[in-house]
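Engineer: I need the structure of the sequence given here:
(chains A, B and C)
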Amino acid sequence: MRQITDKLSTDTNGPGLYEITAAVVNWCHKQGMQEGLLTLFIQHTSASLTIQENADPDVCHDLQDFFSCIAPQNGPYRHTAEGPDDMPAHIKSALTQTQLSIPLQQGRLALGTWQGIYVFEHRQHLQKRRVVMHLMGD
Amino acid sequence: MRQITDKLSTDTNGPGLYEITAAVVNWCHKQGMQEGLLTLFIQHTSASLTIQENADPDVCHDLQDFFSCIAPQNGPYRHTAEGPDDMPAHIKSALTQTQLSIPLQQGRLALGTWQGIYVFEHRQHLQKRRVVMHLMGD
Amino acid sequence: MRQITDKLSTDTNGPGLYEITAAVVNWCHKQGMQEGLLTLFIQHTSASLTIQENADPDVCHDLQDFFSCIAPQNGPYRHTAEGPDDMPAHIKSALTQTQLSIPLQQGRLALGTWQGIYVFEHRQHLQKRRVVMHLMGD
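Structural biologist: You can find the predicted model right below:
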């Protein structure tokens, strides 16, 4: 059994879901493993990871609206020094994932037919987001 | 170190938490490992995974009510083509887990005394849900 | 490749985020691995795990307020036998993490600059919380 670690960088430009499925799948494929476990870990607390339907783009917009609604920018926050979008971003990160693990079977990630992997950006301005990819297997 | 991957199918019949602890524990036991890491991955975006108390069934009903309340069927969604329960299902999935990993110690999953593993179904109609099980260890 | 499993105990005294980053990092360091995957698993359903900003303590207070607000103690719960704080605790656990995995790279956990690991206590009274730590790698 062996393991490989790498980093994926994603540029984001405002709140929303940015699909990284193709980049992740391609990277896994290049490692030439048949069976294993992939772990994605985002190194931020104001952006997160989620697996969601990648068929109808409206799903992503509705998700974004839902999270903006339950964690609004004008909430009664103490932490405001980094801007009105920062504390809602931490809340949205807490409600979604910082880490995701996906089994690799017969050389393919075990994603369901409609599942896509997304970086969920919660900040308003341009960001460069880093996702650590760790693959362990044979 | 070795690894095994398998699939668990669960039939669901409407929204709610369906316990899969016994099936998962039995499958792990059969693999004959002493130490390792189990990963469960549900291949859907309208059903999810959660670990919750399995003592009082009221906990599961209250959880279901809570999620129905914060992501109601009559929300202002764009994505309605798959029925009024589909977008709330994606939201509830985003708020819970698509994947869970549990250490295996001395031949037993390291679940706490009251912890049960559940498929959290968010759709109204009959579904067949697939959970990939991946066990890695010795 | 090898693996080690251990347990971390944390005493909590009321709702809030209790940072365990130093204890986790020190334990990993002692195992002398260079590359691997750390999995943390909390053996409870009324306390959870989260990775959050550990720079401004107001972030933790705002997070706690947010979760108290969406899962209040006076909600319409069936499950009240264990006190008014128990069912909200299960909800808050469902909304955050029971398990977190973090890659280990070049002998260091791949946490981002501002990321801290927290036990998120949701109960009112003194508790002893157990987190299983599982490290697999070389």
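
Engineer: Grab the longest helix from chain A for me.
Structural biologist: Longest helix in chain A, counting residues (DSSP state H): helix A:57-70.

Engineer: A:Gln127 and chain C, how far apart?
Structural biologist: 12 Å (C-beta to the nearest C-beta, to the nearest Å). For the C-beta atoms, the positions are set from N, CA and C on the backbone; glycine is no exception.

Engineer: That residue: how many residues sit nearby?
Structural biologist: A:Gln127: 17 surrounding residues under other C-beta atoms under 10 Å in any protein chain shown.

Engineer: Now do the contacts for it.
Structural biologist: Listed by C-beta atoms under 8 Å, 6 or more residues apart in numbering or on different chains, the contact set of A:Gln127 reads A:11-12, A:47, A:121.

Engineer: again, but for A:Ile117
Structural biologist: A:Ile117 makes contacts with A:19-21, A:24, A:40, A:49, A:51, A:100, A:102, A:111, as judged by C-beta under 8 Å, 6+ apart.

Engineer: Quickly find the element holding the residue of chain A found nearest chain B.
Structural biologist: Closest approach between chain A and chain B, counting by C-beta to the nearest C-beta: A:Gly112, at 3.2 Å. Element membership for A:Gly112 (DSSP states H and E) is empty, with no helix or strand holding it.

Engineer: any idea how far it is from B:Arg78?
Structural biologist: 22 Å (C-beta to C-beta, to the nearest Å).

Engineer: Tell me which two in the contacts of A:Gln127 are the farthest apart.
Structural biologist: Using C-beta to C-beta, the two most remote members of those are A:Asp11 and A:Ala47, lying 11.5 Å apart.

Engineer: sorry, back to before: so A:Gly112 and B:Arg78 - more neighbours on which side?
Structural biologist: A:Gly112 (17 against 14).

Engineer: Skip the chain neighbours and tell me the closest residue to the more buried one.
Structural biologist: Closest residue to A:Gly112 apart from its sequence neighbours, by C-beta to C-beta, 6 or more residues apart in numbering or on different chains: B:Gln43 at 3.2 Å.

Engineer: what comes up buried for stretch A:89-108?
Structural biologist: For stretch A:89-108, a neighbour-count test (16 or more other C-beta atoms under 10 Å in any protein chain shown) marks A:89-105 as buried.

Engineer: and the closest residue to A:Ala81 other than its chain neighbours, how many neighbours?
Structural biologist: What sits nearest to A:Ala81 in space, not counting adjacent residues and going by C-beta to C-beta, 6+ apart, is C:Asp56, at 7.1 Å. Using other C-beta under 10 Å, C:Asp56 has 17 neighbouring residues.

Engineer: The one 3 residues further on now?
Structural biologist: Each residue near C:Val59 was counted by other C-beta under 10 Å, and the total is 26.

Engineer: same thing with A:Ala23?
Structural biologist: 15.

Engineer: contacting residues for the closest residue to A:His61 other than its chain neighbours?
Structural biologist: Spatial nearest neighbour of A:His61, excluding adjacent residues (C-beta to C-beta, 6+ apart): B:Arg78 at 5.9 Å. Listed by C-beta under 8 Å, 6+ apart, the contact set of B:Arg78 reads A:58, A:61-62.

Engineer: Same question for A:Leu17.
Structural biologist: Counting by C-beta under 8 Å, 6+ apart, A:Leu17 has contacts A:50, A:52, A:60, A:63-64, A:118-121.

Engineer: Let me know the angle separating whichever strand or helix holds A:Leu104 from strand C:99-105.
Structural biologist: Take DSSP H and E as the rule and A:Leu104 turns out to sit in strand A:99-105. Compare the direction of strand A:99-105 with that of strand C:99-105 by axes from the mean of the first three to the mean of the last three C-alpha atoms, to 10 degrees and you get 80 degrees.

Engineer: dump the residue contacts of the residue sitting nearest the centre point of chain A.
Structural biologist: Nearest to the mean C-alpha position of chain A, counting by C-alpha atoms, centre = their mean, stands A:Leu49 at 2.3 Å. Going by C-beta under 8 Å, 6+ apart, A:Leu49 touches A:40, A:42, A:96-100, A:117-120, A:131.

Engineer: pLDDT weak spots in chain A?
Structural biologist: By pLDDT under 70, chain A has no low-scoring segment.

Engineer: Chain neighbours aside, what residue packs nearest to A:Gln52?
Structural biologist: Nearest one to A:Gln52, counting by C-beta to C-beta, 6+ apart, is B:Thr45 at 5.3 Å.

Engineer: Then that neighbour would be within a strand, right?
Structural biologist: No: judged by DSSP: H, G, I helix; E, B strand; the rest coil, B:Thr45 forms no part of a strand; its state is coil.

Engineer: Do I have it right that it meets A:Tyr118?
Structural biologist: No: counting by C-beta atoms under 8 Å, B:Thr45 does not reach A:Tyr118; the two are 10.7 Å apart.

Engineer: does A:Val24 really touch A:Leu40, like I thought?
Structural biologist: Yes: in this structure, A:Val24 is within contact of A:Leu40 by C-beta under 8 Å, at 6.9 Å.

Engineer: between these two, what contacts are shared?
Structural biologist: A:117, A:133.

Engineer: and the residue of chain A found nearest chain C, how many neighbours does it have?
Structural biologist: In chain A, the residue that lies nearest chain C is A:Gln43 (3.1 Å; C-beta to the nearest C-beta). For A:Gln43, the neighbour count with other C-beta under 10 Å is 19.

Engineer: I'd say it and A:Val131 touch.
Structural biologist: Yes: using C-beta under 8 Å, A:Gln43 is in contact with A:Val131, at 7.5 Å.

Engineer: does the helix or strand that contains A:Thr5 come close to chain C?
Structural biologist: Applying DSSP H and E as the criterion places A:Thr5 in strand A:2-13. Yes: shown here: strand A:2-13 in contact with chain C (C-beta under 8 Å from any C-beta of the partner chain) through A:2-3, A:5.
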